[in-house]
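Undergrad: give me a 3D structure for the following:
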Amino acid sequence: MAYGNVYAANQVVDTTKSPTTFIDTTANGVDLINIANPNSVGVSVNHYNKFNVGNQGAILNNSKVMGTSQLGGAVYGNPNLNQNADIILNEVGSTNRSVLNGALEVFGKNAAVVIANPNGFDCNGCSFINTSKLTMVSGQSRMSDGAITGFKINNDLTSDFIIHELGLYANNTNDVDIISRAIKLRGELQAKQD
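TA: Coordinates of the predicted model:
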């Protein structure tokens, strides 16, 4: 049963690989991504043709029950979930770069967020809420028995990671990994310091 769309202006789900992941919108217009149920090792695998975050932000719905999110206000429970995810993998399989211009919130149980895009990233004012660990990689994930075992990095010069003038803010995230052939800093990178 479909509850929402497989696409929004900022995200397009690859339904051939992620048939249950779907996108909705909160009452105040924030993209709400209802992630796939996690596998036996706690990884929710979500494939996209496009994964962007607009200025208004986006929410990864990792809650089985209704509640209040920081970005979107009232959010219903994700009907895909039998359990909460420990890791939310967001993988882009097209030729589109990821453009992250706002906050990405994990609603519900906090989780590690992985965004894998072999085409690269543009981050301009991106931030992360309720994210225990953040990994952004200009490449593809490698998996074995449901677990992420590593990444294949794209060596193309255009698949870089650019932090633009408005910066990247991960002050409330315990660990931040940016993995790319080239990283360009044109703005500020803030991360938690122990």
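Undergrad: ok, now which ones touch I183?
TA: If you count contacts by C-beta atoms under 8 Å, 6 or more residues apart in numbering, I183 has them with D160, F161, I162, I163. Backbone N, C-alpha and C define where each C-beta goes, glycine included.
Undergrad: brain fart, I59
TA: 26, 30-33, 69, 71-72, 75, 104-107 are the contacts of I59 under C-beta under 8 Å, 6+ apart.
Undergrad: same thing but at 10 Å, please
TA: For I59, the contacting residues are 24-26, 30-34, 53, 69-72, 75, 103-108, 129-130, by C-beta atoms under 10 Å, 6 or more residues apart in numbering.
Undergrad: what subset of the contacts of I183 is buried?
TA: For those, a burial check counting by 16 or more other C-beta atoms under 10 Å picks out D160, F161, I162, I163.
Undergrad: beta partners of the second one?
TA: Beta-bridge pairing of F161 under DSSP bridges involves F121, I183.
Undergrad: pLDDT score for it?
TA: F161 is assigned a pLDDT of 95 by the prediction.
Undergrad: by mean pLDDT, flag the weakest helix or strand of the protein.
TA: Every helix and strand in the chain was compared by mean pLDDT, DSSP states H and E; the lowest is strand 189-191, with a mean of 89.
Undergrad: what lines up beside that one in the sheet?
TA: As assigned by DSSP bridges, strand 189-191 forms pairs with strand 168-170 (parallel).
Undergrad: many thanks, I have nothing further to ask.
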